[in-house]
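*Asks:* got a predicted structure plus its sequence, pasted below:
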Amino acid sequence: GAVVSQHPSWVICKSGTSVKIECRSLDFQATTMFWYRQFPKQSLMLMATSNEGSKATYEQGVEKDKFLINHASLTLSTLTVTSAHPEDSSFYICSAWGGRGTEAFFGQGTRLTVV
Amino acid sequence: GNSVTQMEGPVTLSEEAFLTINCTYTATGYPSLFWYVQYPGEGLQLLLKATKADDKGSNKGFEATYRKETTSFHLEKGSVQVSDSAVYFCALRGNQGGKLIFGQGTELSVKP
C-alpha cells in the first residue's frame, strides 16, 4: 500500500524557536495532504488542508501565521510551528489520500515538546 | 455539519471476549465510513471501511456494517486478543473536500 513518511518522529525545542515537520508520500503523488493535531488521549483535530502549489486552507481557530504550511511538490508538505511555546506541545500527524483516493494514509506522527 | 460520535472508553476486556464499539454519525449525503486503529506513539492505520449503505467492512476479525437507517457503523470482533489493545477511531469522509472527520476515539485494553 501507499506510504506516508513523517519526519522527525520527535523533537524537543526551546520556547521561541521554530520547528519544521516534513510529510512525504513515498510511492504516490498527493495533491492534497492534511495536518492534524492530537492531544493526549484525545481525537485528531484537523488543522489545515495542504494543497500543492497553492495556499493551505486552515480550519477555524487555527492560526495560519503560527502554523505555516508549504506544499511545494506533489510528494512533500511541510508544517512549520513558528515561535513555539509550551502550549504548542502536541502530537502532529499528516495524511494523504492514496489508493486511487479511497484510503487515507497517515504518517507516523511527530511528538513536539516545547520547553 | 458532519460529525462522528463513538462510545467513550476506556474499554477493558478479557482475552477472547466479544467486542463492540459503537459509532454513530451525522452527515449530509452519502459519506464513506472508516475505522482506524492507533497503537501507542504511532500514526493511524486503516482497519476497515465501507463506502455505501449496507456495505460490511472486515479485516483481521473486525467487522462493521454501514447502517444508513440508524446512521451507525459499530465495530465488532468476536474474540479479542491482547494485541488488539489500542485506540480505535471511527471516521467519515463527506462528499466535499476529502477531509476525514474523527470520533473522539475509544481506548481498548485487553487483559490476558
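*Replies:* Yep, that arrived. Residues are numbered from 1 along each chain as shown, chains lettered A, B, ... in the order given.
*Asks:* centre of the chain to stretch B:16-25, how far?
*Replies:* In terms of Cα atoms, centre = their mean, to the nearest Å, the centre of stretch B:16-25 is found 8 Å from the chain centre.
*Asks:* next, the buried residues of stretch B:84-101.
*Replies:* Across stretch B:84-101, burial judged by 16 or more other Cβ atoms under 10 Å in any protein chain shown covers B:84-94, B:99-101. Placement of C-beta: from N, CA and C, glycine included.
*Asks:* max pairwise distance over these: which two?
*Replies:* Taking Cβ to Cβ, the two most distant members of these are B:Ser85 and B:Gly94; they sit 30.8 Å apart.
*Asks:* would the lowest-mean-pLDDT helix or strand in chain B count as contacting chain A?
*Replies:* Across the helices and strands of chain B, mean pLDDT, DSSP states H and E gives its lowest value to strand B:100-102, namely a mean of 90. Yes. Strand B:100-102 reaches chain A (Cβ under 8 Å from any Cβ of the partner chain) through B:100-102.
*Asks:* list of residues touching that strand?
*Replies:* Here strand B:100-102 makes contact (Cβ atoms under 8 Å, 6 or more residues apart in numbering or on different chains) with A:34, A:43-44, A:46, A:95, A:104, B:2-4, B:34, B:36, B:89-94.
*Asks:* switch to 10 Å and redo it
*Replies:* Surrounding strand B:100-102, the residues in contact under the criterion Cβ atoms under 10 Å, 6 or more residues apart in numbering or on different chains are A:34, A:36, A:38, A:42-46, A:95, A:97, A:104, A:106, B:1-4, B:6, B:25-27, B:31-32, B:34, B:36, B:44, B:89-94.
*Asks:* now, of the residues you listed, which are buried?
*Replies:* When the contacts of strand B:100-102 are checked for burial by 16+ other Cβ under 10 Å, the buried set is A:34, A:36, A:38, A:43-44, A:46, A:95, A:97, A:104, A:106, B:2, B:4, B:6, B:25, B:27, B:31-32, B:34, B:36, B:44, B:89-94.
*Asks:* low-confidence ranges, the chain, go.
*Replies:* Going with chain A. Scanning chain A for pLDDT under 70 picks out A:1, A:98-101.
*Asks:* wait, chain B was what I had in mind.
*Replies:* Ranges of chain B meeting pLDDT under 70: B:95-97.
*Asks:* interface residues of it facing chain A?
*Replies:* Residues of chain B lying near chain A by Cβ under 10 Å from any Cβ of the partner chain: B:4, B:6, B:9-10, B:32, B:34, B:36, B:38, B:41-46, B:49, B:51, B:87, B:89-91, B:93, B:97-105, B:107.
*Asks:* having no further points to raise, I will conclude here.
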